[in-house]
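1. Below are the sequence and a predicted model for it; my questions follow.
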Amino acid sequence: MSYARYRLYFDGVSATKDQLARFEDITIEQEMDMACQGRFQVPLCISKTGVWDGETETFLLGLHRIRLEVQIQSAAWIPLIDGPIINVEGGQFNEPGKSMLTLVVSDDSFYLHRDETVKSFQDSDDQVARQIYNEVPQIADTDIDPAQAPSNPAFDKTVLRGTQMELLRQLARRQHMHAYVRCGDSPGASVGCFKADPSPTKDYGLAPMVLLGDAMNIFSFQSQKHAGQAATFRSGWINLKDRSTDNRTSDLGDISLQGTDPTTDSLIRRLLRARQIEAITLARAVQAESERAAYALKATGEVMKGVYNSVLQPYQYVQVLGANGTLSGTWLIKQVTHTLTRNHYGQSFHVIRNAQSAGTNSAPSQTPAEIFG
């Protein structure tokens, strides 16, 4: 059995033993292309003078920062969330033991989603992302991949209408990239990210998730295959100045697959929406939409508490073993729910895949011991 422990920081300072003792259940929701959010439960008591807990403690007040890190065995500490308290939910009862304060914590994308404005940018999408992140003091660094610049001069301007985070997600979607804020290496030093899909060949150091056999470490693996989702996309435009045209169709062969076989034998053809081609090349626009639609395999499950010894996080790949021949293989982690109590650390997951494996006629690279049906 493996053990897990966690530590907290309040406004960048390590929590005291008394502060740690105040917390009960903690839930952290991490999902691709969404803000990370945590819920921290604090039991409430009332003093003999009639003063409730939570009225004077600074670390329980709105917009103060909380950072949570997890460690399994003697592995490295992994930060799960670092950001402000955006909501304080109180539940006070006249019965002992029922009153509870819940602190809702967001990552620092909260500071990108407050003010609405109208602003134009002349640069490529990755340069615009860098400009936006640099405007937020809470984001100490950036991690930005290059994006394709427009080839059509008619679409060389990006106009922001809404919040900064809304624009970042629009830019990321049309490039099939991801805009999000992750924890930095130290408290209060978040990183603004504008990233392409991670490489399926990169090793993230995660233990394989094994469904059957002596090495099993997950309770279930419930999958869905959407046969009508993967598709090619096509579109075209006309330059009204010189009447030149450009017509493009995406190429499914250019997609980096997580398996050997496509998710469906049928060829589905779709048209790109006009709004999706602004400020990028038409070729990139159609290909980005096909890359997104290719994730037609989805699965959910839960790891065994005290058995699975890695911390799962979105934007990473993990090996699944012990499922059937087409499902076993490399999966991209889309969502993780971390649950911490005084007694255990649990993780439930949602993973996606853009291809399936060859099947039972092909020997897997790794086989868990003593598979049984």
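-> That came through fine. Residues are numbered from 1 along each chain as shown.
2. got the contact list for the closest residue to residue 307 other than its chain neighbours?
-> Sequence neighbours aside, residue 217 is the residue nearest to residue 307 in space, at 4.6 Å (criterion: Cβ to Cβ, 6 or more residues apart in numbering). Placement of C-beta: from N, CA and C, glycine included. Going by Cβ atoms under 8 Å, 6 or more residues apart in numbering, residue 217 touches 207, 209, 210, 303, 304, 307, 308, 309.
3. Next one: residue 217 from residue 85, what distance?
-> 34 Å (Cβ to Cβ, to the nearest Å).
4. Quick one: the helices in the stretch 1-150 of the chain, in order.
-> Listed in chain order, the helices of the stretch 1-150 of the chain (DSSP state H, counting those that start in this stretch) span residues 17-21, 125-134.
5. For the last one, which helices and strands make contact with it?
-> Read that as helix 125-134. strand 117-121, strand 139-144, helix 164-175, strand 190-196 (3 or more Cβ pairs under 8 Å, 6 or more residues apart in numbering; DSSP states H and E).
6. Repeat that for the first one.
-> Helices and strands touching helix 17-21, as assessed by 3+ Cβ pairs under 8 Å, 6+ apart, comprise strand 4-10.
7. could you give the mean pLDDT of the strand it packs on?
-> In this model, strand 4-10 has an average pLDDT of 96.
8. Same check on stretch 81-97?
-> 88.
9. Name the residues of it that are buried.
-> 81, 82, 83, 84, 85 (16 or more other Cβ atoms under 10 Å).
10. looking at it, the last one is touching residue 57, isn't it?
-> No. The criterion here is Cβ atoms under 8 Å, and residue 85 misses it with residue 57 at 11.7 Å.
11. How much space separates residue 67 from residue 25?
-> Per Cβ to Cβ, residue 67 is found 18 Å from residue 25.
12. ok, the two, which is more surrounded?
-> residue 67 (27 against 14; other Cβ atoms under 10 Å).
13. returning to what we had before: tell me which of the helices of the stretch 1-150 of the chain sits most buried.
-> Among the helices of the stretch 1-150 of the chain, ranked by average contacts under mean count of other Cβ atoms under 10 Å, first place goes to helix 125-134 (a mean of 20).
14. hang on, the earlier thing: using TSV, please lay out the helices of the stretch 1-150 of the chain together with distance to residue 91 and mean pLDDT.
-> Conversion of those to TSV gives the following (distance: least, Cβ to Cβ, whole Å; pLDDT from 0 to 100):
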stretch	distance to residue 91	mean pLDDT
helix 17-21	20	92
helix 125-134	37	94
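15. How about residue 229: what's its closest non-neighbour residue?
-> Leaving aside its sequence neighbours, residue 229 sits nearest to residue 296 (Cβ to Cβ, 6+ apart; 4.1 Å).
16. If you could redo that for residue 87, that was the one I meant.
-> Excluding its sequence neighbours, the residue lying closest to residue 87 (Cβ to Cβ, 6+ apart) is residue 104, at 3.8 Å.
17. What separation is there between residue 327 and residue 210?
-> 13 Å.
18. more neighbours, those two?
-> A count of neighbours by other Cβ under 10 Å puts residue 210 above the other of residue 327 and residue 210, at 26 against 21.
19. list the buried ones in stretch 6-22?
-> Buried residues in stretch 6-22, counting neighbours by 16+ other Cβ under 10 Å, are found at 6, 8, 9, 10, 15, 19, 22.
20. Show me how the chain divides into domains.
-> Domain segmentation of the chain under automatic domain parsing yields 4-106, 111-196, 209-226+296-353, 232-293.
21. of all those, which lies closest to residue 202?
-> For these, the distance to residue 202 is smallest for domain 209-226+296-353, at 6.8 Å, taking Cβ to Cβ.
22. hang on, the earlier thing: among the helices and strands packed on helix 125-134, which is nearest residue 50?
-> Closest among the helices and strands packed on helix 125-134, using Cβ to Cβ: strand 190-196, at 39.5 Å.
23. Which neighbouring elements make contact with that closest one?
-> Looks like strand 190-196 contacts helix 125-134, strand 139-144, helix 164-175, strand 177-182 (3+ Cβ pairs under 8 Å, 6+ apart).
24. Distance to residue 112 added to those, as TSV?
-> Output for these, formatted as TSV (distance: least, Cβ to Cβ, whole Å):
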stretch	distance to residue 112
helix 125-134	7
strand 139-144	8
helix 164-175	4
strand 177-182	7
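25. which one of those has the lowest average pLDDT?
-> Ranked by mean pLDDT, the helices and strands packed on strand 190-196 bottom out at helix 164-175, which scores a mean of 90.
26. which residues of the stretch 101-250 of the chain score low on pLDDT?
-> Applying pLDDT under 70 to the stretch 101-250 of the chain flags the ranges 150-157.
27. now with 80?
-> Within the stretch 101-250 of the chain, the stretches with pLDDT under 80 are 122, 148-160, 237, 239-241.
28. what sits against the nearest residue to residue 205 once chain neighbours are set aside?
-> Using Cβ to Cβ, 6+ apart and skipping the chain neighbours, the partner closest in space to residue 205 is residue 310 (7.3 Å). Contact analysis of residue 310 by Cβ under 8 Å, 6+ apart lists 72, 205, 206, 207, 318.
29. Also residue 140?
-> Neighbours of residue 140 in contact, by Cβ under 8 Å, 6+ apart: 184, 188, 189, 190, 191.
30. do that again at 7 Å, thanks
-> Residue 140 makes contact with 184, 189, 190 under the criterion Cβ atoms under 7 Å, 6 or more residues apart in numbering.
31. just checking, residue 148 touches residue 283?
-> No. Assessed by Cβ atoms under 7 Å, residue 148 is found out of contact with residue 283, at 8.3 Å.
32. related to what we said a few turns ago, tell me which of the helices and strands packed on helix 125-134 sits nearest to residue 356.
-> Comparing the helices and strands packed on helix 125-134 by Cβ to Cβ, strand 190-196 comes nearest, at 22.6 Å.
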